[in-house]
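Chemist: turn this into a model:
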Amino acid sequence: MLPGLDPKQITNLDGAQQAIVLLLNLVEELKQENAGLRAEVQQLRDEINRLKGEQGKPNIKPGRKGKPTGNISSEQERHQAKPHRKGSKLNKIEVNREKKLLIDHRQLPADAQFKGYEPVVIQDIQLQPDNVRFLKEKFYSPSQRKSYLAELPAGYEGEFGPGVRSLVITLYYGSEMTEPKIVEFLQNVGVLISAGQISNLLIKKNESWHQEKNDIYLAGLASSSWQHCDDTGTRVNGDNQYCHVVCNPLYTAYFTRPSKDRLTIIGLLQNVAEPPFLLNAATSVWLAQFDTPHWAQQVVATWPQEQRLIPSELTTLVQTELARLNAQQQARVMEAAALTAYYQQTDVPIVPNLLTDDAPQFRFITRDHSLCWVHDGRHYKKLMPFVEYHQQLLVDFRGQFWEYYHKLNAYRAGSTPEQAAKLDQEFDELFSQVTGYDELDKRIAKTKAKKDRLLKVLSYPEMPLHNNPAELAVRRRVRKRDISFGPRTQDGVTAWDTFMTLAATAKQLGISFYAYIYDRVSGAYALPSLADLTQQQAPAFHPLPTREFG
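Modeler: Below you'll find the predicted structure:
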């Protein structure tokens, strides 16, 4: 159990310390093993009880008594304390009408002098129906045998005007209300509407909105030198699928797909459901990077070159002529052909740098790949040492970890080659430590192995250090999923992705989601499109030349 440990050979202090370190790590190992066995035994007991028709052990979460309060999120260490200042919101309130309030002059003393008016802004809202009976002028021409009927104003169609239609979309996608609650709310206001009509307003006749989403995405891809990316599970008509998010500070785009593999990510970056495939000299470079067997690379070289292939064509070639490869190796061949097509096309902006967590599907896609420091820091937070000495080692190292993180943040504000070289050296020193706590040392070594992807900020100071924007975006889908479960049709899937994209992007650009929806539904088009606004604000985030320091 302790190889190499011979108590008779402990003749000095160094030998005793080495033995103690081994014993403490053994305690940690046995403690973790014991905890795992206890959990497994409890699961088996619960399963036995369920088979007997009884209930398992209830999952009662501990109370908050004795727990720390305040920000207990996994990324709390990245926040630096700043003095809180409550800002004024008066300059953000649009005044719709003004009313003068007068004093009863009979109450004033004789020497009272008029000193003007003291403004007080009160916010209020009126909820009441605005039902209109349109009397459409009608003419009939006997000679033409044709009736002529006046048209409804822009924005009015079916049974509901632009106000109702805009409010339904805003409540469902912007405020995450359920369809039954929207029905209840509107009926309380005096609007007679059914659940079926609500559903139709949410998912039908949205082609123009889908085009707006596409325009936003293309503008967003071209607006910065990096893109955030993340995913979460979702349900479509009861089946498990994945919601993917691609975003930066100017926009957020949602995509629901059946899978989350590398081919799916490549398709997302091309804004297509399935990526096209292309074979040429560049394909062999990708295959070599994926460690594809040499014989398989030679076979691929005999396939049709420099012509687009649809998925079924390439799948047939792979499954027939590369049947000796396992499923993972065959997938790498498909990915190599998809990446070749991605970098040859000019319809969609190429993403230079992808900022993600360390999930394998994000690797090898973009020229540069940056990792999130908050995700890496969470691995250290998951360590639960039993020995107090190890607990202190972990606390000390996590303090150094976040101190280095703040130095990187300071570097982003004003970067120089000298600072980059110093931070590069400090990384090596910090993540070359050997503490004697085995689990911590393994975790430190894993972080060091990711150095190149964690320190992309030294070449891209304009980039953030974390993937929180994408994480927050997928949490919005999680909340939506918890409230409304999930769409049941493809129309619903597309509508969820489109309107969640519009809602998130409008918020990022400082635009009222309801005002934007109403502007489009009413046919006014007084507001610029979200895609145009993204392009206008893009200069602050435009791709910059990669700076190499060394």
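Chemist: dump the residue contacts of the residue of the chain most remote from its centre.
Modeler: Ranked by distance from the centre of the chain (Cα atoms, centre = their mean), the top residue is Ala110, with 67.2 Å. Taking Cβ atoms under 8 Å, 6 or more residues apart in numbering as the contact definition, Ala110 lies against nothing. To be clear about C-beta, it is placed using only N, CA and C from the backbone, and glycine gets the same treatment.
Chemist: which SS class is it?
Modeler: Under the three-state scheme (DSSP: H, G, I helix; E, B strand; the rest coil), Ala110 adopts coil.
Chemist: same deal with the one 5 residues further on?
Modeler: In the three-state summary, Lys115 is assigned as coil, counting by three-state DSSP.
Chemist: can you check the pLDDT for it?
Modeler: Looking at Lys115, its pLDDT is 91.
Chemist: over to the one 3 residues further on?
Modeler: At Glu118, the pLDDT value in this model is 93.
Chemist: what of Gln270?
Modeler: Per-residue confidence at Gln270 stands at 94 (pLDDT).
Chemist: ok, and the closest non-adjacent residue to it?
Modeler: Once its chain neighbours are removed from consideration, Gln270 has its nearest residue in Val348; the separation is 5.3 Å (Cβ to Cβ, 6 or more residues apart in numbering).
Chemist: what about the one you found, distance to Leu430?
Modeler: Distance of Val348 to Leu430, given as Cβ to Cβ, to the nearest Å: 39 Å.
Chemist: again with Trp295
Modeler: From Trp295 over to Leu430 (counting by Cβ to Cβ), the distance is 44 Å.
Chemist: more crowded one of those two?
Modeler: Summary of the neighbour comparison: Trp295 and Leu430, criterion other Cβ atoms under 10 Å, with Leu430 having more neighbours (16 against 10).
Chemist: now the strands for the stretch 101-250 of the chain?
Modeler: Listed in chain order, the strands of the stretch 101-250 of the chain (DSSP state E, counting those that start in this stretch) span 138-141, 146-149, 227-236, 239-248.
Chemist: the last one pairs with which strands, and in what direction?
Modeler: Okay, so that is strand 239-248. Sheet pairing of strand 239-248 (DSSP bridges) gives strand 227-236 (antiparallel), strand 251-257 (antiparallel).
Chemist: care to break the protein down by domain?
Modeler: The record's domain split for the chain, according to automatic domain parsing, is 207-365+467-510, 373-458.
Chemist: deepest of these, which one?
Modeler: Each of those was assessed for mean neighbour count using mean count of other Cβ atoms under 10 Å. The highest is domain 207-365+467-510, with a mean of 18.
Chemist: just to revisit the earlier point, put together TSV for the domains of the chain, with distance to Arg145 on each row.
Modeler: Shown next, in TSV, are these (distance: least, Cβ to Cβ, whole Å):
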stretch	distance to Arg145
domain 207-365+467-510	34
domain 373-458	72
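Chemist: out of these, nearest to Gly174?
Modeler: Using Cβ to Cβ as the measure, domain 207-365+467-510 is the one of the domains of the chain that comes nearest Gly174, at 4.7 Å.
Chemist: A helix includes Arg475, no?
Modeler: Yes - judged by three-state DSSP, Arg475 forms part of a helix.
Chemist: ok, Ile198 - contacts?
Modeler: With contacts defined as Cβ under 8 Å, 6+ apart, Ile198 is in contact with Val168, Tyr172, Glu179, Ile182, Val183.
Chemist: now swap in His379 and tell me
Modeler: Taking Cβ under 8 Å, 6+ apart, we find His379 in contact with Arg443, Lys446, Thr447.
Chemist: can you tell me the element the last one falls in?
Modeler: Spelled out, it's Thr447. Under the assignment given by DSSP states H and E, the secondary-structure element containing Thr447 is helix 438-449.
Chemist: what packs against the next helix or strand after that helix?
Modeler: Toward the C-terminal end, the helix or strand that comes next after helix 438-449 (DSSP H and E) is helix 451-454. With contacts defined as 3 or more Cβ pairs under 8 Å, 6 or more residues apart in numbering; DSSP states H and E, the packing partners of helix 451-454 are strand 368-371, helix 417-430.
Chemist: what packs against the first one?
Modeler: Which is strand 368-371. strand 353-356, helix 451-454.
Chemist: adjacent strands (with direction) for it?
Modeler: Sheet pairing of strand 368-371 (DSSP bridges) gives strand 353-356 (parallel).
Chemist: rounded mean pLDDT for the strand it pairs with, please.
Modeler: 96.
Chemist: can you list contacts of it?
Modeler: Contact partners of strand 353-356, identified using Cβ under 8 Å, 6+ apart, comprise 225-230, 362, 365-372, 456, 460, 463-464, 467, 470.
Chemist: what is the neighbour count of Ile93?
Modeler: Using other Cβ under 10 Å as the criterion, Ile93 is surrounded by 11 other residues.
Chemist: my read: it touches Val121, true?
Modeler: Yes - between Ile93 and Val121 there is a contact at 5.7 Å, judged by Cβ atoms under 8 Å.
Chemist: quick one: residues contacting Leu279.
Modeler: With contacts defined as Cβ under 8 Å, 6+ apart, Leu279 is in contact with Val300, Trp303, Pro304, Gln305, Glu306, Gln307, Leu309, Ala337, Thr340.
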